[in-house]
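Chemist: show me the folded form of this:
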Amino acid sequence: MNWLRSHLTFDRGQRDGIFVLIALILFLIAINVFVEFKAKPKLDMNAPQVVRLQAEIDSLKNLQKENNKRDIYPFNPNYISEYKAYTLGLSVSEYEKLKAYREEGKWINSVSDFKKVTGVSDSLLKGIAVNFKFPDWVVNKKFRGKTYENNSAKELELSEKKDLNTATATQLQEIFGIGETLSKRIIDYRNKLGGFSTEEQLFSVYGLKEEVIERIKKRYLVKTQIEIKKMNINEVSASDIATIPGISFEKAKTIWEFVRVREGLEDLSELEKIEGISTRELRLIRLYLSIE
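Modeler: Take a look at the predicted model:
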């Protein structure tokens, strides 16, 4: 025990130091227990600078919301796509009802027709119906009684067919599958050409499906033909081929290389061997290229 006693024996100065240390510890404990500390906020949210910055942030957010709003332009409800239906607020089942109705060859000719077919709520219909746009022959009383089916399904006699080069946008929209966008593209392309030379040039119109072109042919033909000066495929360059509407430069280069490798073609049907060339492209090539 002598060794333990030697460690616990302190002189006066050491005892005073230990006492002061214990007193300091007790003092700090008391302060921690009885004194309430409040953390000073790092940022004063009511400070003028902070309020001004927050107002600027809110303003930018509101501006972004305005920019993200989609303008709804007048549209024909018969041509609503799945994405368009989503943006308008139609449910999947409501869109499927409309799609099934249209696939039967039937048409929406009024707001009430749309309501009856889709079953949309009155509140939703009120918001979107103001943008419905129907062809003039539907709106104009003197055309009522006619249907899209009658105007596009039946093929007219040759003498009854109208000139495709004089057809108006409204007349073209009477064809099943043609709305404002496609009718505008057809007329714009016709103007670019200076007039159609053949109905086959419709295959150059972007987005115009083959079955829709066939419907157009049932009611229209090119009566005032514009002559097409054909190029000899065995003599033209890739750049010449690329001038054909609907043929990209890459496809033109592929065709040109195909012809060069074979040292010339004897028949345009040989182009069918080119991998990736479509029937639509072959139709256009035959309009502008020849063997002679």
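Chemist: hey, where'd the strands end up in the chain?
Modeler: According to DSSP state E, the chain carries its strands in the segments 162-163, 220-221, 231-232, 289-290.
Chemist: out of those, deepest packed?
Modeler: Mean neighbour count, computed with mean count of other C-beta atoms under 10 Å, is highest for strand 220-221 among the strands of the chain, reaching a mean of 20. Bear in mind the C-beta positions are built from the backbone N, C-alpha and C, glycine included.
Chemist: for Arg283, which of the strands of the chain is the nearest?
Modeler: The closest of these to Arg283 is strand 289-290. By C-beta to C-beta, the value is 11.5 Å.
Chemist: partners of the closest one in the sheet?
Modeler: As defined by DSSP bridges, the strand partners of strand 289-290 come to strand 231-232 (parallel).
Chemist: average pLDDT for the partner strand, rounded please.
Modeler: In this model, strand 231-232 has an average pLDDT of 91.
Chemist: quick one on the thing from earlier: just put the strands of the chain in a markdown table and tack on distance to Ile274.
Modeler: What follows is the strands of the chain, written out as a markdown table (distance: least, C-beta to C-beta, whole Å):
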| stretch | distance to Ile274 |
| --- | --- |
| strand 162-163 | 35 |
| strand 220-221 | 30 |
| strand 231-232 | 18 |
| strand 289-290 | 13 |
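Chemist: which one of those strands lies nearest to Val117?
Modeler: For the strands of the chain, the distance to Val117 is smallest for strand 220-221, at 29.7 Å, taking C-beta to C-beta.
Chemist: from the middle of its chain, how far away would the closest one be?
Modeler: How far strand 220-221 lies from its chain's middle: 31 Å, per C-alpha atoms, centre = their mean, to the nearest Å.
Chemist: quick check: neighbours of it in the sheet, parallel or antiparallel?
Modeler: strand 162-163 (parallel).
Chemist: low pLDDT regions in the stretch 151-292 of the chain?
Modeler: Along the stretch 151-292 of the chain, the model assigns pLDDT under 70 to residues 151-153.
Chemist: hmm, Ile255 and Ile274 touching each other?
Modeler: Yes. Using C-beta atoms under 8 Å, Ile274 is in contact with Ile255, at 6.6 Å.
Chemist: these two: who's more crowded?
Modeler: Between Ile274 and Ile255, counting by other C-beta atoms under 10 Å, Ile255 is the more crowded of the two (24 against 15).
Chemist: excluding chain neighbours, what is closest to the more buried one?
Modeler: Ile241 (5.5 Å; C-beta to C-beta, 6 or more residues apart in numbering).
Chemist: tell me the domain ranges of this structure?
Modeler: Residue ranges for the domains of the chain, per automatic domain parsing: 77-134, 148-221, 231-290.
Chemist: those into a markdown table, with extra columns for distance to Ser59?
Modeler: Putting those into a markdown table (distance: least, C-beta to C-beta, whole Å) gives the following:
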| stretch | distance to Ser59 |
| --- | --- |
| domain 77-134 | 26 |
| domain 148-221 | 37 |
| domain 231-290 | 46 |
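Chemist: closest one to Val50 among the ones you listed?
Modeler: Closest approach to Val50 among the domains of the chain is made by domain 77-134 (38.1 Å; C-beta to C-beta).
Chemist: how far off centre is that closest one?
Modeler: In this view, domain 77-134 has its centroid 19 Å away from the chain centroid, taken as C-alpha atoms, centre = their mean.
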